[in-house]
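1. Whatever this is, show me its structure:
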Amino acid sequence: MTGPRRPRALLLTDPAGAPQPPPAGAARAKRADRDAPPAPKPERAGDDGPTIPDVLPILPLRNVVVFPLSFLPLTVGQARSIRLIDEAAVGDRVIGLVAMRDPEVEEPGPEGIHTVGTAAYIHRMVKSNDGNIGLFVQGLNRVRVEEWVGTEPYLRARVTVLGDAFEPTLEIEALMRNVSELFGRLVNLVPYLPEELLGAIQNMEDPRALAYFIAANIRMPVPEAQKFLEMESVEMRMRALVSHLSRELEVLELGRQIQQEARGEIEKVQREYFLRQQLKAIQRELGETDESLAELDQLEERIRACKMNDEAEREALRELGRLKGIPEASAEYGVIRTYLDWMVSLPWSTTTDDNLDIAHARQVLDEDHFDLDDIKARILEFLAVQKLRRERLAEGADHRAGGGILAFVGPPGVGKTSLGRSIARALGRSFIRMSLGGLRDEAEIRGHRRTYIGALPGRIIQGLKRAGTRNPVFMLDEIDKVGASFRGDPESALLEVLDPQQNREFRDLYLDVPFDLSDVLFIATGNVLGQVSGPLRDRMEIIELSGYTEHDKVHIARGFLVPRQLAENGLRPDEMAFTDDALLRVVRLYTREAGVRNLERELGKVCRKVAVRVAEGATEAVVVGADDLRGHLGAPRFESEVAERTAIPGVATGLAFTPYGGDVLFIEASAAPGAKGFIVTGQLGDVMRESAQAALSYVRARAADLGVGPDFFAGHDLHVHVPAGATPKDGPSAGVAMATALASLLTRRPVRPDVGMTGEITLRGKVLPVGGIREKVLAAHRAGLTTVILPRRNEPDLEEVPAEARARLTFVPVDTIADVWAHALTDAPPADRASD
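-> The predicted model follows:
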């Protein structure tokens, strides 16, 4: 039932109506009542009880509403309320009982109480030891406060007695029967209502008395009780009781139904548990074995056969013991069973024997990949170390063979992932690839705790389960694409996985036991490791894979890409072939990339067009030559534009490093009359803008040497632009190209069309070293340049450049920007042309 409980025999409130404990002398009240003189008999007005005077002392009530024709115990504790009772006791003993609007107010005024209440007669009063007064009052009739005549020492008001007239109609009789029936059902459902109340309402023929009696004995919120008291007619009160009792009965019956359903589920589980125990006892007597018990016994055998470490085996056996004591219908049974299935399915002691034949490994790597000598040498070194460790271990020395952590960094399409597969094939190990691109949840690495619904181990443990061994080649692809979010930082979780000193006891949150990852050969791949945190980079041996030269690409296409595309498109080698000139032209005019991914796509297009001809019935073998490419691939997509662009003064060719390999960058400068200053455009980053400002400052300082008048800069606007404005650009290596473009513009001397340059510039004209030399040199080679100007301190980096590129390019190491101008600018300005 809702709302405060209505008192049946005893309700103690303070003068403002707040519930109070029974007075200290309440236990002696009955004895005192027998000895106390009876209260004076009040004057009566006919048969309606004591006369209600026009002016009544008003006693505010907190959290209770008194109804007419009802008897109620109250207790009074405040000074003004005690005085009100004392003066009323020596008078006619009639007071007004009115509910407060806000029960939190300590001493309410006239505005703090309702205007409709009940006139009541004080039958008995008892003073307790704590100073409170206990009252036993009888509600007489409803009254309305018309006017407040005093507030001190207590509230007094002029009141009007409100009648409860009604006519005995069939509707009233029907409402009485309905209310009595509903109240009877309520008494049977509610334990705090005594059954004697049913006998009391059966003898009531007055609808007014019935309504007040039932309202006084049920739980009804104070606002609803006050509204009930203020209703003008008996019929309205009866209808309100029907609505209230019906709602309470619905709530009680629904609660009883829920309780019965819950009790039924509990009894069902208990009954099934007892039946299972009895069944087990019967099976033991008959010598039979329960199927589920046999399955758990097999699970125990598997746990002991897995050769887990001591902590893992103890945890698995402990969970198995818990599982045996849990009914199969329990939700926890499935959680524990899934956990044990994961534990026994992991390769705790299963390993594959490495093929440590160095010659075999070299043969496999050469078959799968062209060039990449540095990486091949590192893999052979790894195999040699593993072989020697095992030999020393066999001799009794403490040389434990372990895994390794390599990181392949380079542009897309240079063969990082395929190289990992070749390493696994050379070693004879299983290969597992896990993509980290877009990973933002730490639980993907460490797993979920078993407290979560649907929890699973992390992807590291899942990969080992798929591999079936604990020493696979595990590739962590796109490690530079890992991000952080509110779910944690996966990159920090990888620190434990890739640390040789920690991954011997890697603890997945789902397993919650250590697992040895030290025998796993981890290979991470990425395009740019600058986005990887320093601690994670420190745990990996980084091997850089730069782009391929034209010769490398032709060789790769001939040996790997063309055979693969023929097989994928259903062609036989005797049905189609490419000439070397055709492959070279595809490399030069239809692709411009560091890797060979787009090259393979273009070759696939040609193969598909030939496949159409073969499918239509052509029987002649097709040999695709250089002149046939336009018919298959359309017009060339790339042309050498260096000579055309640099023919005009103010344009220099820079070399840039990008996540996708090196690239050629054109720096354009122009001048126009005006006074707006210096403008830099092309979506440049802050570092590149600062390089442009440094280049301009140096050129202005050398204006006299360049033959520029002192008033030129004051009367001209200078504008430096880097084309491909939709592509963000940043970095200091374009400083020498910007200074050269400005010098070319001011001296009217074009930059040599076959020269590319890179280097950072200072205000003193020094050229500082930069990174990515190998990628930039290969970009210059792809673009058809013949001369590369670079900082002198970058000369050692040229050893990493492929021999083919070094043979075709001329390298000019420089120390100052003056050296750059001496080699990059032509000797004389071009003849005037209309296009200038």
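
2. And the strands in the stretch 301-450 of the chain?
-> Taking DSSP state E, counting those that start in this stretch as the test, the strands found in the stretch 301-450 of the chain are 404-409, 431-435.

3. Check which helices and strands the last one sits against.
-> Right, the one you point to is strand 431-435. Counting by 3 or more CB pairs under 8 Å, 6 or more residues apart in numbering; DSSP states H and E, the packing neighbours recorded for strand 431-435 are helix 416-427, helix 459-467, strand 473-477. Bear in mind the C-beta positions are built from the backbone N, C-alpha and C, glycine included.

4. Worst mean pLDDT among the ones you listed?
-> With a mean of 88, helix 416-427 has the lowest mean pLDDT of the helices and strands packed on strand 431-435.

5. low-confidence ranges in the stretch 551-700 of the chain?
-> When the per-residue scores of the stretch 551-700 of the chain are filtered using pLDDT under 70, the ranges that remain are 640-646, 660.

6. if I look at the residue nearest the centre of the chain, how far off is Gly526?
-> Among the residues of the chain, the smallest C-alpha distance to the mean C-alpha position (CA atoms, centre = their mean) belongs to Arg487, namely 4.7 Å. Note on Arg487: its distance to Gly526, by CB to CB, to the nearest Å, is 22 Å.

7. The longest strand anywhere in the chain pairs with which strands, and in what direction?
-> Across the chain, the strand with the greatest residue count (assigned by DSSP state E) is strand 133-150. Strand 133-150 has its sheet partners listed here by DSSP bridges as strand 71-76 (antiparallel), strand 116-127 (antiparallel), strand 156-162 (antiparallel).

8. helix or strand right after the first one?
-> Following strand 71-76 in sequence order, the next helix or strand is helix 79-89 (DSSP states H and E).

9. what's the angle between that next one and strand 156-162?
-> Orientation check (axes from the mean of the first three to the mean of the last three CA atoms, to 10 degrees): helix 79-89 against strand 156-162 gives 60 degrees.

10. Can you list the neighbours in contact with helix 79-89?
-> Applying CB atoms under 8 Å, 6 or more residues apart in numbering, the set of residues contacting helix 79-89 from outside is 14-16, 57, 59, 76, 94-95, 107, 122, 125, 131, 133, 135, 153-154.

11. One more pass at 6 Å, please.
-> Helix 79-89 is touched from outside by 15, 57, 76, 95, 125, 133, 153-154, with contacts defined as CB atoms under 6 Å, 6 or more residues apart in numbering.

12. in the stretch 351-500 of the chain, which spans are helices?
-> Listed in chain order, the helices of the stretch 351-500 of the chain (DSSP state H, counting those that start in this stretch) span 358-368, 373-394, 416-427, 443-446, 459-467, 490-497.

13. Out of these, which is the most enclosed?
-> Of all those, helix 443-446 carries the top mean neighbour count, a mean of 24, counting by mean count of other CB atoms under 10 Å.

14. helices or strands up against that helix?
-> The criterion is 3 or more CB pairs under 6 Å, 6 or more residues apart in numbering; DSSP states H and E, and the helices and strands that helix 443-446 contacts are helix 490-497.

15. His369 versus Gln565, what's the distance?
-> As for Gln565, its distance to His369 is 18 Å (criterion: CB to CB).

16. So for the two, which sits in the more crowded spot?
-> Between Gln565 and His369, counting by other CB atoms under 10 Å, Gln565 is the more crowded of the two (23 against 19).

17. how close does that one sit to Thr417?
-> Separation of Gln565 from Thr417 (CB to CB): 18 Å.

18. hmm, back to that, name the residues of the longest strand of the chain that come out as buried.
-> When burial is assessed from 16 or more other CB atoms under 10 Å, strand 133-150 yields the following buried residues: 133-145.

19. that older thread, and the residue nearest to the centre of the chain, what is it in contact with?
-> Applying CB under 6 Å, 6+ apart, the residues contacting Arg487 are Asp441.

20. Wait, Cys306 touches Trp348, no?
-> Yes - at 4.9 Å, Cys306 counts as touching Trp348 under the criterion of CB atoms under 6 Å.

21. Now Lys503. Nearest residue, chain neighbours left out?
-> In this structure residue 503 is Asn, not Lys. Of all residues beyond its chain neighbours, the one nearest Asn503 is Leu517 (3.9 Å), with distances taken as CB to CB, 6 or more residues apart in numbering.

22. Touching, the one you found and Phe506? I think so.
-> Yes - distance between Leu517 and Phe506: 4.8 Å, which falls inside the contact criterion (CB under 6 Å).

23. which of these two has more neighbours?
-> The residue with the greater number of neighbours, taking Leu517 and Phe506 and applying other CB under 10 Å, is Leu517; the counts read 25 against 21.

24. Phi and psi next, for that one.
-> Backbone geometry at Leu517, expressed as degrees, to the nearest 10, gives phi -110, psi 10.

25. Good, wrapping up.
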